[in-house]
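> Structure for the following, please:
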Amino acid sequence: MVRIAGKPILGHILTQLVETEIEEVVLVVGGPMKDQIREYVMAHYTDEFDVSFVNQENAQGLGHAVYQARDVVEGDTALIALGDMLFNNGYGTFLEAHRDLPSVDGSIGVKEVEEPEHYGVVDVGEDGFIRGLVEKPDDPPSNQAISGVYIVQDTPALFDALEYLIANDIRGAGDEFQLTDALQRMVEQGGTLGTFEVEDWYDCGRPQTLLEANRVLLSNLDTNDGDVDQAVVIPPVDFGTDVDVVGSVVGPNVSVDDGATISNSIVRNAIIGREAGVTDVNLCESIIGDNASIEGKPYSLNVGDNSVIDL
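This next block holds a predicted model:
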């Protein structure tokens, strides 16, 4: 639930989905944040969608997560979006690109990358259909990386493939049940999968990419100065509620979550979490988690939630 540019990453994803024809959203939740996710979505998006929640008791990969939604989704066309991926061109663009494809059982967003061995990769035949998929291969068949958005029309075939993997304990990269492997089985069983191009793609599970997404999203917002009158604010900046900033320079490209404090510091190109404290530091290209406390001299830091650092 990292907040950037005024809302959590999940909020940016759901806001993009509001602009499409999608009417129902199923969220697969688990871990310590699941109650917070439920509360946030119920407070902000139930007027926009028919919302359902499905629990994933044990995280065993993306394929396993998608399989948990089988009883809610099977039979309907599904757009599968990952909770840590943001896209500039938006889900409406992806749905339109999918409709423009010849008759397919599904389609996958892809982007050319320089190091495909770090991603799931597709091999596309001359007919434009996917003939193979592999997760983080040592010898990639192409540089077309899977970007983390999928549109599946034949959801029964997808869930059959996932059930086959899970029932036979066929695990892929990371010893997890991979959605990529289920889609590969669909192809092997005669399914047709196409691709559509993804332009700007931000994997927010990576610190530097999260900071880049923050910069891009802030550039599209008017600076929210909050209730800050003892600081120099250099746009674009977004402050949450009850933020206390004293004797500091904040910005550009800074998101500050609710209840955070910044004192006698310079903060730029950074994300400051809820109830975090920053004192006497010069921060740049940094992510400070919720309830973290930073005191000392300038460093570039990526600090987890509930951390206390004395520099």
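
> Can you verify R38 is assigned to a helix?
Yes - assigned with DSSP: H, G, I helix; E, B strand; the rest coil, R38 falls within a helix.

> Check what pLDDT it gets.
Per-residue confidence at R38 stands at 97 (pLDDT).

> Quick test: name the residue nearest the centre of this protein.
D84 (1.5 Å; CA atoms, centre = their mean).

> Relative to the whole chain's centre, how far out is the longest strand seen in the chain?
Ordering each strand of the chain by length in residues (DSSP state E) puts strand 144-152 first. Relative to the centre of its chain, strand 144-152 is centred 13 Å away, using CA atoms, centre = their mean, to the nearest Å.

> re earlier: phi first, then psi, for the residue nearest to the centre of the chain.
Backbone torsions of D84, given as degrees, to the nearest 10, read phi -120, psi 20.

> The residue lying closest to F49 once chain neighbours are set aside: how many residues sit nearby?
Using CB to CB, 6 or more residues apart in numbering and skipping residues adjacent in sequence, the residue nearest F49 is V25, 4.4 Å away. (Glycine included, C-beta is placed from N, CA and C.) Neighbour count of V25, defined by other CB atoms under 10 Å: 20.

> distance of V25 from V73?
Taking CB to CB, to the nearest Å as the measure, V25 falls 11 Å from V73.

> cool, G172 as well?
21 Å.

> again, but for A161
14 Å.

> Next: V249.
V249 is 48 Å from V73, by CB to CB.

> follow-up on the earlier one: for whichever helix or strand comes after the longest strand of the chain, name the packing helices and strands.
Downstream of strand 144-152, the next assigned helix or strand under DSSP states H and E is helix 155-167. Counting by 3 or more CB pairs under 8 Å, 6 or more residues apart in numbering; DSSP states H and E, the packing neighbours recorded for helix 155-167 are helix 62-67, helix 70-73, helix 179-188.

> If we use 7 Å, what do you get?
Judged by 3 or more CB pairs under 7 Å, 6 or more residues apart in numbering; DSSP states H and E, the packing partners of helix 155-167 are helix 62-67, helix 179-188.

> thinking again about what came up before, the residue nearest to F49 contacts V51, correct?
Yes - the pair V25 / V51 is scored as a contact, 5.4 Å apart, by CB atoms under 7 Å.

> And the contacts of the helix or strand where Q208 lies?
Assigned by DSSP H and E, Q208 belongs to helix 207-219. By CB atoms under 7 Å, 6 or more residues apart in numbering, the list of residues contacting helix 207-219 from outside reads 4-5, 12, 86, 88, 202-204, 236, 238, 253, 255, 269, 271, 285, 287, 302.

> need the helices for the stretch 1-150 of the chain, in chain order.
Secondary structure of the stretch 1-150 of the chain, counting by DSSP state H, counting those that start in this stretch: helices at 9-18, 34-44, 62-67, 70-73, 90-99.

> Check which residues of the first one are buried.
Read it as helix 9-18. Going by neighbour count (16 or more other CB atoms under 10 Å), the buried part of helix 9-18 is 9-14, 16-17.

> and the residue lying closest to I294 once chain neighbours are set aside, helix, strand or coil?
Excluding the flanking residues, the one nearest I294 by CB to CB, 6+ apart is V278, at 5.0 Å. With three-state DSSP as the basis, V278 sits in strand.

> domain parsing for the protein?
Here the domain parsing of the chain from automatic domain parsing is 3-211, 222-310.

> Where among those domains is average confidence lowest?
Among the domains of the chain, domain 222-310 carries the lowest mean pLDDT (a mean of 90).

> How far does that one stretch from one end to the other?
In domain 222-310, first residue to last residue: 34 Å (CA to CA, to the nearest Å).

> what do you get for stretch 44-53?
Start-to-end, stretch 44-53 (CA to CA) is 15 Å.

> give the contact list for D244.
Going by CB under 7 Å, 6+ apart, the list of residues near D244 reads T261.

> Next up, phi/psi of it, please.
Torsion angles, degrees, to the nearest 10, at D244: phi -120, psi 120.

> circling back: can I get the helices of the stretch 1-150 of the chain in TSV with distance to G190?
Shown next, in TSV, are the helices of the stretch 1-150 of the chain (distance: least, CB to CB, whole Å):
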stretch	distance to G190
helix 9-18	31
helix 34-44	37
helix 62-67	20
helix 70-73	21
helix 90-99	20
